[in-house]
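Trainee: Quick one, fold the following:
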Amino acid sequence: MDKAALNSIIEKIKEFPDVIAILLFGSGVKGGMKPLSDIDIAVILRRQDKHLEAEIGSMYSPNFDVVLFHRLPLHIQFEVLKHGNVVFCRDESALLDIKQRVLRQYLDTSEMYERIKRRVLACD
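Mentor: Numbering: from 1, shown residues only. Predicted coordinates:
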């Protein structure tokens with residue numbers, strides 16, 4: 001992992017005032033990096049703005065995959081918050097609110113999927 005390049009991209013993202021937090025996630029955090037692995041970077045924004053999203057989304061490179069947190073599926077959002085490393089946080093209260101919302105939605109959804117799975121498996 002090129003730490004200087006990672007720090008550079010994090011510094012660029014931090015310049016946007018609507019960035020609440022930046023998290024590293026995926027194999028780079030879990031220790032499963034392979035030679036062709038990239039670093040996954042999730043950016044949590046205060047509000048959705050197409051211009052801001054385009055600017056941040058354009059920071060992709062072969063070594064870094066910059067994703068907008070609110071665009072991720074719920075189960076990936078949950079994994080990012082559960083296993084990811086916060087490398088920048090501008091507003092801890094807002095990040096906590098997002099964590100609570102995602103956890104609540106994830107638990108509600110997982111319970112629904114479990115009920116559906118039990119019903120499907122009960123049918124012969």
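Trainee: drop to CA atoms for contacts and neighbour counts, all remaining ones
Mentor: Noted.
Trainee: right, and Val67 touches Glu53 too?
Mentor: No. Using CA atoms under 8 Å, Val67 is not in contact with Glu53; the gap is 9.2 Å.
Trainee: between those two, who's got more neighbours?
Mentor: Set Val67 next to Glu53 and count neighbours by other CA atoms under 10 Å: Val67 wins out with 20 against 16.
Trainee: Just to be sure, that one is in a helix?
Mentor: No. Applying DSSP: H, G, I helix; E, B strand; the rest coil, one finds Val67 to be strand, outside a helix.
Trainee: so what pLDDT did it get?
Mentor: With respect to pLDDT, Val67 has a value of 95.
Trainee: dump the residue contacts of it.
Mentor: Shown in contact with Val67 (CA atoms under 8 Å, 6 or more residues apart in numbering): Asp40, Ile41, Ala42, Val43, Gly57.
Trainee: Phe37: how many residues sit nearby?
Mentor: Let me fix one detail, which is that residue 37 is Ser and not Phe. 15.
Trainee: Where does it fall, secondary structure wise?
Mentor: In this structure, Ser37 is located outside every helix and strand according to DSSP states H and E.
Trainee: cool, and Phe88?
Mentor: strand 85-89.
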